[in-house]
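Colleague: quick one, what's the 3D model for this:
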Amino acid sequence: MIRMIYSAIALRGMTCLAIHGQTVWAKARVHQLNGLSAHADRDDLLRWCRALPAPPQRIFLNHGEGPARKVLAAAIAEELGWPRPVLPLSGESVPW
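Modeller: Predicted coordinates:
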């Protein structure tokens with residue numbers, strides 16, 4: 001359901017949705033990343049990060065196995081000197 005909500009917000013420019021009859025306002029900016037495979041490995045992801053014009057303020061790694069996310073988070077923080085990524089658990093709310 002969440003994936004569908006963010007897709008609707010990102011691709012259709014919606015600011016709110018009706019879910020089970022209740023209005024839910026979008027509180028996120030969603031960006032579609034074309035050209036980034038969901039199957040990129042650590043080196044591919046770090047190469048993609050290095051190509052960004054500036055480090056992001058916050059990073060969330062919300063896909064992948066726990067140990068792999070931890071290793072990638074450490075590489076982003078240590079090798080790039082970026083803020084350590086947040087590793088949210090399924091269903092967890094993360095305050096901005």
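Colleague: show me what counts as buried in the biggest helix by length in the chain.
Modeller: In terms of residue count, the longest helix belonging to the chain (DSSP state H) is helix 66-80. Across helix 66-80, burial judged by 16 or more other C-beta atoms under 10 Å covers 69, 72-73, 75-76. The C-beta positions use only the backbone N, C-alpha and C, and glycine is treated the same way.
Colleague: among those residues, pick out the one closest to residue 45, please.
Modeller: Taking C-beta to C-beta as the measure, residue 45 sits nearest to residue 72 out of the buried residues of helix 66-80, at 6.5 Å.
Colleague: quick check on the closest residue to the closest one other than its chain neighbours: phi, psi?
Modeller: Excluding its sequence neighbours, the residue lying closest to residue 72 (C-beta to C-beta, 6 or more residues apart in numbering) is residue 42, at 5.7 Å. Main-chain dihedrals, residue 42, degrees, to the nearest 10: phi -50, psi -50.
Colleague: okay, residue 42 and residue 88: tell me how far apart.
Modeller: The gap separating residue 42 from residue 88 is 19 Å, by C-beta to C-beta, to the nearest Å.
Colleague: helix or strand with the lowest mean pLDDT in this protein?
Modeller: helix 2-12 (a mean of 57; mean pLDDT, DSSP states H and E).
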